[in-house]
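K.L.:
Could you look at this predicted model? Sequence included:
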Amino acid sequence: MRLSLIFFMLILLPLATGVHAWLFCRENLPVLTQEAMSRLQAAGVRNPVVDVRFFDIAVTGEAPDPASRQKALEAIRSLVPLRLQPGADRIHVLASLKAQLKGNTLQVSGWLPPGDETENIQSLLSELRPDLTLKMDELRTAAEVRWPEGVKPPLTAGSVMLKPVLEMLRVPAELHIRAKDDAIVLSGLLPDTTLKEELVAALAEIAGARVVDPSALKASAHVLPASFAKKELLAAFVRGFFNAPPPRSFDILSDGIPRLEALATRQMESQWLGLLRPVTGASKVDASFTLLPSVYHFPGYQIQSKLPPETIASLREMLRSLAVVFETGSARLLPEEQTKLATLAPALLAAGPALGLVIGAHPDPAGPEGVEKELAKARAGAVMSFLVDQGVPSADISAVAFDPVAPGSPSAPASPRSVELIIK
């Protein structure tokens, strides 16, 4: 009887164990699985997967950083009675990149697998935005980090991981050019290296003794496209605008509105605006021009006549105080004006054939432009004829009509109906 009871107990023991295991799996495993999921999510694990097989547990997911991964694993190991076996902790840290731009400083942060990718990213960002200061101290590496699906090093400008950073760094194009007596300085950002080279070459053609300094002008494919960045057309305008004497400046931003500041004649103004129109289209032009009667009135105009310096200085002093005035609507040289010119003639004769002379008449800005222009030419011609009659050689004398200048302007003549003489 006792032996039969023992046999009966041996038969019931596996059955009881099986029933207990079945009850445990049915009642406790779902609760433990849910608890494990909750602990992983609380630790910041994304896309968690929990696989519980009796007392053994395996976990999978993506942690934002190594510290979160460690926190998640410790939470699972403390979940009694489950056991996390070696190799069952398949929680990874996906490589990540973040960036924050403050002024001209870019702070890059995130996690990468071990390797040389930090240096590669720094080199890439420096090439795309050479104007920025890069801080890479918060971009760290760890053995637990792996690359996301489809991403392989080395990263390039087209990599998915870098796209959000690069989009944040895209900047509008802008161009600034300043012409001084000794240099032409370029600055800004252009979307095309070839365009930068064209502008520098165009300015080098007309710079003369001035230095062309493009060191502050950057070109990058990461600069946003600009409507004004038109090859050849922009260079043609810059060549024409900066061929005139300094000072002058040209600025244009992403709004496409050019801003010009310069000394100019009316003819120059018309020429520049004509060159600028194909570049900017219908955009308005913000122009601040100080109009002068002629190029000979520009400050620092270099005299071309091959005369001794002392002769030039003496003649300029005489001519500076001379103004031949005409009556309204007339090109007849008055007797008192003839006397002025007759007194001047000996000095002009003494200068010899090397003297180059411009006889320019100022139109009356209050009259009809076409009529006043013709009248000015006639007045200049009358003065030239009188001097030639006095024996002054006509080989290098030009009679011209200057551009009209509004009264009150610093370059306006004392009389709008006057003729002045300038050494070429």
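P.N.:
Yep, it's here.
K.L.:
just checking, residue 48 touches residue 42?
P.N.:
No: counting by C-beta atoms under 8 Å, residue 48 does not reach residue 42; the two are 10.2 Å apart. To be clear about C-beta, it is placed using only N, CA and C from the backbone, and glycine gets the same treatment.
K.L.:
And the two? Which one has more around it.
P.N.:
Between residue 48 and residue 42, residue 48 has the larger neighbour count (other C-beta atoms under 10 Å), namely 19 against 11.
K.L.:
so what's that one scoring on pLDDT?
P.N.:
Looking at residue 48, its pLDDT is 89.
K.L.:
quick one: which helix or strand includes it?
P.N.:
Taking DSSP states H and E as the criterion, the element that holds residue 48 is strand 46-53.
K.L.:
Send over that strand as PDB, restricted to the C-alpha atoms.
P.N.:
Extracted as PDB, the C-alpha positions of strand 46-53 are listed here (Å, rounded to 0.1, in the frame of the first residue of the first chain):
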ATOM      1  CA  ARG A  46      12.000  53.600 -28.100                       C
ATOM      2  CA  ASN A  47      10.300  50.700 -29.900                       C
ATOM      3  CA  PRO A  48      10.800  48.300 -26.900                       C
ATOM      4  CA  VAL A  49      10.300  44.600 -27.500                       C
ATOM      5  CA  VAL A  50      10.100  42.100 -24.500                       C
ATOM      6  CA  ASP A  51      10.300  38.400 -24.900                       C
ATOM      7  CA  VAL A  52       9.600  36.400 -21.700                       C
ATOM      8  CA  ARG A  53      10.100  32.600 -21.700                       C
END
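K.L.:
Any buried residues in that strand, and which?
P.N.:
Of all the residues in strand 46-53, those buried under the rule 16 or more other C-beta atoms under 10 Å are 48, 50, 52.
K.L.:
closest to residue 182 among these?
P.N.:
Proximity of the buried residues of strand 46-53 to residue 182 (C-beta to C-beta) peaks at residue 48, which lies at 68.4 Å.
K.L.:
circling back: check the buried residues of strand 46-53 against residue 149 and report the nearest one.
P.N.:
residue 48 (17.2 Å).
K.L.:
low pLDDT regions in the stretch 151-300 of the chain?
P.N.:
For the stretch 151-300 of the chain, applying pLDDT under 70 flags no range at all.
K.L.:
let's see 80
P.N.:
Applying pLDDT under 80 to the stretch 151-300 of the chain flags residues 221-222, 282, 300.
K.L.:
Which parts of it are strands?
P.N.:
174-179, 183-190, 211-219, 248-252, 258-264, 286-291 (DSSP state E, counting those that start in this stretch).
K.L.:
Looking at the chain, which strand is longest?
P.N.:
Taking DSSP state E as the criterion, the chain has its longest strand at strand 83-94.
K.L.:
strands paired with it, and their directions?
P.N.:
When pairing is defined by DSSP bridges, strand 83-94 lines up against strand 56-63 (parallel), strand 145-146 (parallel).
K.L.:
now, which of the buried residues of strand 46-53 sits nearest residue 254?
P.N.:
Nearest to residue 254 among those, counting by C-beta to C-beta, is residue 48 at 45.9 Å.
K.L.:
picking that back up, flag every buried residue along the longest strand of the chain.
P.N.:
Quick answer for strand 83-94 (16+ other C-beta under 10 Å): 84, 89, 91-94.
K.L.:
swap in stretch 280-290?
P.N.:
Buried, per 16+ other C-beta under 10 Å, within stretch 280-290: 280, 283, 289.
K.L.:
just stretch 255-272 next, same as before
P.N.:
For stretch 255-272, by 16+ other C-beta under 10 Å, it's 256, 258, 260-266, 268-269, 271-272.
K.L.:
before we move on, back to that, CSV please, covering the buried residues of stretch 280-290 and showing distance to residue 342.
P.N.:
Below are the buried residues of stretch 280-290 laid out as CSV (distance: C-beta to C-beta, whole Å):
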residue, distance to residue 342
280, 53
283, 55
289, 39
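K.L.:
related to what we said a few turns ago, relative to residue 202, which of the buried residues of strand 83-94 is nearest.
P.N.:
Distance to residue 202, by C-beta to C-beta, is smallest for residue 94 among the buried residues of strand 83-94, at 49.7 Å.
K.L.:
which residues are in contact with stretch 267-275?
P.N.:
Residues outside stretch 267-275 that contact it (C-beta atoms under 8 Å, 6 or more residues apart in numbering) are 236-237, 240-241, 244, 260, 264, 285, 287, 289, 291, 295, 403.
K.L.:
Distance to residue 185 added to the residues you listed, as JSON lines?
P.N.:
Compiled in JSON lines, those are given as follows (distance: C-beta to C-beta, whole Å):
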{"residue": "236", "distance to residue 185": "20"}
{"residue": "237", "distance to residue 185": "17"}
{"residue": "240", "distance to residue 185": "18"}
{"residue": "241", "distance to residue 185": "15"}
{"residue": "244", "distance to residue 185": "17"}
{"residue": "260", "distance to residue 185": "16"}
{"residue": "264", "distance to residue 185": "20"}
{"residue": "285", "distance to residue 185": "22"}
{"residue": "287", "distance to residue 185": "20"}
{"residue": "289", "distance to residue 185": "21"}
{"residue": "291", "distance to residue 185": "25"}
{"residue": "295", "distance to residue 185": "23"}
{"residue": "403", "distance to residue 185": "29"}
